[in-house]
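# Sequence first, then the predicted structure:
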Amino acid sequence: VAPTATSFVKPEETPAPLVLEDTRVAFAHRSTFELWRARLLFWSFAHPFVVRLGAFFTTWFLRLRLPGFTALIRKTLFAHFCGGESLASCEPAVEALAQGKVLSILDYSVEGEKTEAGFDATLRETLASVDYAADHPHVAFSVFKVTGLVRYALLEKLSLTGSVLTKDEQSEWARAKARMEAIGQRVSEKGGRLLIDAEETWTQPIVDATVEEMMARFNRSRAVVFNTYQLYRRAALPNLAQGFERAVAGGYFFGAKLVRGAYLERERARAAVMGYPDPIQPDKASTDRDYDAAVRLCLDHLDRAAVFVGTHNDESCQNLVREIHARGLPRNDPRIFMSQLYGMSDHLSFNLGQAGFNVAKYMPYGPLRSVLPYLIRRAEENSGIAGQGSRELMLVNRELRRRRG
Ligand SMILES: Cc1cc2nc3c(=O)[nH]c(=O)nc-3n(C[C@H](O)[C@H](O)[C@H](O)COP(=O)(O)OP(=O)(O)OC[C@H]3O[C@@H](n4cnc5c(N)ncnc54)[C@H](O)[C@@H]3O)c2cc1C
């Protein structure tokens with residue numbers, strides 16, 4: 001199933017693009033106070049120096065447990081980008097999204113666990129989130145990061161070709177795999193769907209192999225397990241096509257979560273230091289081209305595949321809308337989902353949701369201190385005047401002006 005070379009359906013062949021920037025729809029779930037808070041956050045993100053300083057002080061002040069500072073972060077950064085500290089505390093945010101026809105994906109975002117007890121605790125919480133999703137009509141998927149369930153260095157070792165594990169490492173890996181399978185088993189029994197996030201290329205080979213085993217086991221009658229493909233990787237599109245072919249040959253359904261990829265600088269820096277070829281596309285246009293091709297490949301094979309399009313890119317969403325229309329598919333085809341992160345690109349999520357498409361937002365939750373690396377990544381990603389953050393700021397300002405009348 002080589003990806004086709006033709007481009008997306010031409011805009012002129014379809015009805016006018018959806019209006020995705022209606023800020024009334026986008027921010028109906030946010031109070032004016034919350035919009036002022038968002039304004040302050042995105043304004044600070046526009047200044048990279050403030051972000052760097054903020055990241056430094058936040059990390060240290062939270063470590064020192066300064067109570068006033070912890071409360072400040074909880075009420076600003078955390079409240080904007082996270083659903084709460086526990087599953088139950090996410091309920092109001094889940095309901096607010098549901099009112100705007102947007103579903104949630106509760107993502108236990110604790111990172112940097114290093115002990116077996118920590119990995120077991122992440123497993124217990126992830127299983128609780130699976131049960132919660134099963135009982136909750138407004139939660140669409142469950143999700144986990146493999147690095148929350150297993151030691152990072154072990155994943156690195158397992159991903160190196162030809163590496164030999166010690167006896168202890170073999171049993172450590174067996175325990176880690178059992179954790180992942182327990183989650184897959186629970187999701188499958190409960191009739192849910194499971195996304196598995198992708199991280200750096202040097203831990204990904206073993207993750208891909210394990211997730212594929214899970215697909216072969218759990219995707220017998222529908223796509224339950226979805227692997228993540230980062231299209232900023234040169235190898236991602238061929239990997240996707242081959243993964244799909246193996247699913248067809250193996251008689252199971254293929255689940256693909258498509259993202260561009262979040263670790264560009266780290267990938268390039270490591271390749272340069274270690275002297276291997278850069279695994280990342282040479283430029284943004286190449287990433288965009290492969291992203292479009294990957295979406296198309298999945299849509300071409302919906303009889304055997306389901307696709308989850310995770311992006312904040314307006315054009316990628318408009319392309320998908322055009323393709324759904326051109327193929328005569330219903331807007332809410334259960335095999336197609338779009339997704340953005342909580343606190344970001346609400347204009348896409350809510351306008352698409354209102355228009356009848358399947359949209360679910362990743363909603364991170366967990367104890368404030370553990371979620372901090374996630375929050376710092378969001379601040380960095382939104383930093384600078386030309387980035388995502390400045391668009392968010394522009395939309396928030398527009399809505400505040402509209403509310404003032
Ligand atoms: C719901 C959801 C789930 C996600 N899950 C994951 C995950 O599991 N793993 C993960 O890695 N990321 C994940 N991400 C983040 C994602 O990979 C992107 O970093 C982020 O969404 C920005 O890309 P975009 O498509 O939204 O928008 P855009 O702003 O159009 O694209 C920015 C992206 O383009 C790529 N890019 C930028 N410059 C260049 C360049 N010079 N050369 C090549 N490529 C370039 C990079 O990937 C960059 O992040 C997720 C995002 C969402 C919304």
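That came in fine, so what should we check first? Residues are numbered from 1 along each chain as shown.
# helices or strands up against the helix or strand hosting M394?
M394 is part of helix 388-404 when elements are defined by DSSP states H and E. Packed against helix 388-404 by the contact rule (3 or more CB pairs under 8 Å, 6 or more residues apart in numbering; DSSP states H and E) you find helix 23-26, helix 32-45. The way it works is simple: take the backbone N, C-alpha and C, and place the C-beta from them, glycine included.
# From V25, how far off is the residue nearest to T23 when sequence neighbours are not counted?
The shortest distance from T23 to any non-neighbouring residue, by CB to CB, 6 or more residues apart in numbering, is to E399 (3.8 Å). From E399 across to V25, the span is 10 Å (CB to CB, to the nearest Å).
# same deal with D303?
Taken as CB to CB, the span from D303 to V25 is 33 Å.
# more neighbours, those two?
More crowded of D303 and V25, by other CB atoms under 10 Å: V25, with 22 against 8.
# Identify the bridge partners of G255.
G255 has these beta-bridge partners by DSSP bridges: A306.
# quick one: it and F218 touch, right?
No: in this structure, G255 is not within contact of F218 by CB atoms under 8 Å, at 9.3 Å.
# Let me know how buried the residue nearest to G100 when sequence neighbours are not counted is, in neighbour terms.
The shortest distance from G100 to any non-neighbouring residue, by CB to CB, 6+ apart, is to F350 (4.6 Å). Residues lying near F350 (other CB under 10 Å) number 27.
# would you say F350 is within a strand?
No: counting by DSSP: H, G, I helix; E, B strand; the rest coil, F350 is not part of a strand but helix.
# mind checking how far it is from S171?
For F350 relative to S171 (CB to CB), the value is 48 Å.
# Ok, V25 next?
52 Å.
# what do you get for V187?
Where S171 is concerned, V187 sits at a distance of 25 Å (CB to CB).
# which of those two has more neighbours?
V187 (26 against 11).
# Give me the nearest residue to that one, chain neighbours excluded.
Counting by CB to CB, 6+ apart, the residue nearest V187 is L194, at 4.3 Å.
# repeat for Q318
According to CB to CB, 6+ apart, the nearest residue to Q318 is P17 (5.0 Å).
# Quick check: M338 is in a helix.
No: if the criterion is three-state DSSP, then M338 is strand and not within a helix.
# could you list every residue that touches it?
V309, G310, T311, C317, L320, L348, S349, L352, F357, N358, V359, A360 (CB atoms under 8 Å, 6 or more residues apart in numbering).
# And the fifth one, its phi and psi?
Okay, so that is L320. phi -60, psi -40 (degrees, to the nearest 10).
# what's the spacing between it and P277?
Separation of L320 from P277 (CB to CB): 31 Å.
# Which one's more surrounded, these two?
L320 (23 against 7).
# how much space between the nearest residue to that one once chain neighbours are set aside and the ligand?
Using CB to CB, 6+ apart and skipping the chain neighbours, the partner closest in space to L320 is V309 (5.7 Å). Note on V309: its distance to the ligand, by CB to the nearest ligand atom, to the nearest Å, is 9 Å.
# which parts of the stretch 201-350 of the chain sit against the ligand?
228, 230, 232, 259-264, 280-281, 283-284, 287, 310-313, 316, 339-341 (CB under 6 Å from any ligand atom).
# Sort out for me which of those residues are in strands.
Among those, the members found in strands (DSSP state E) are T228, Q230, V259, G310, S339, Q340, L341.
# What number of neighbouring residues does R369 come out with?
15.
# likewise R398?
Counted by other CB under 10 Å, the residues lying close to R398 total 16.
# With A198 instead?
That count, for A198 with other CB under 10 Å as the rule, works out to 24.
# How about L240?
Using other CB under 10 Å: L240 sits among 24 other residues.
# Touching, it and L297? I think so.
Yes: when contacts are counted by CB under 8 Å, L240 is listed as touching L297 (6.4 Å).
# Averaging pLDDT per element, find the lowest-scoring helix or strand in this protein.
Ranked by mean pLDDT, DSSP states H and E, the weakest helix or strand in the chain is helix 48-63, scoring a mean of 74.
# residue boundaries of the strands in the chain?
Using DSSP E, strands in the chain cover 103-108, 139-144, 194-196, 225-230, 254-259, 305-310, 336-341, 359-365.
# tell me what the shortest one is packed against?
Helices and strands touching strand 194-196, as assessed by 3+ CB pairs under 8 Å, 6+ apart, comprise strand 139-144, helix 167-189, helix 204-218, strand 225-230.
# how distant is that strand from the center of its chain?
10 Å (CA atoms, centre = their mean, to the nearest Å).
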